[in-house]
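> What follows is a predicted structure for the sequence shown.
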Amino acid sequence: MGRSINVEVRLDEVRGDINRLIKKFIKKVKKERIIEKYLNKRVHEKPSVKRRRQKKRGIANAKKVELQRNKEIKIK
């Protein structure tokens with residue numbers, strides 16, 4: 001798949017709690033987008049479709065940030 005990504009969580013980081021260890025591992029995998037990258041590589045996607053999807057995601061993220069900013073302004 002390209003470069004290898006090592007996601008590591010040690011038991012002493014979560015004070016010996018196995019459930020917290022699993023949750024932390026899943027959170028790190030999501031943050032690195034390992035599964036998303038794998039699924040994208042399984043099927044070829046045209047560059048134009050990829051750009052369109054990325055642009056759509058960027059617009060959605062911008063709207064989300066703007067809504068959060070507006071909420072913060074209203075609270076203050």
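Noted; the coordinates are in hand.
> pLDDT score for residue 2?
According to the model's per-residue confidence, residue 2 sits at a pLDDT of 60.
> Just name the shakiest helix or strand of this structure by mean pLDDT.
helix 34-42 (a mean of 88; mean pLDDT, DSSP states H and E).
> CA atoms only: put that one into CSV for me.
What follows is helix 34-42, C-alpha atoms only, in CSV (Å, rounded to 0.1, in the frame of the first residue of the first chain):
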residue,chain,number,x,y,z
ILE,A,34,-5.8,3.8,7.6
ILE,A,35,-9.1,2.0,6.8
GLU,A,36,-10.2,4.8,4.5
LYS,A,37,-7.0,4.7,2.5
TYR,A,38,-7.2,1.0,2.2
LEU,A,39,-10.8,1.1,0.9
ASN,A,40,-9.9,3.9,-1.6
LYS,A,41,-7.0,1.8,-3.0
ARG,A,42,-9.2,-1.2,-3.6
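> domains for the protein, by residue range?
In terms of domains, the chain is parsed into 1-43, 46-76 (source: automatic domain parsing).
> ok, of these, where does mean pLDDT dip lowest?
When the domains of the chain are ranked by mean pLDDT, domain 1-43 comes last with a mean of 87.
> tally of neighbours for residue 25?
Summarising burial for residue 25: neighbours were counted as other C-beta atoms under 10 Å, giving 14. All C-beta spots, glycine's among them, are computed from the backbone N, C-alpha and C.
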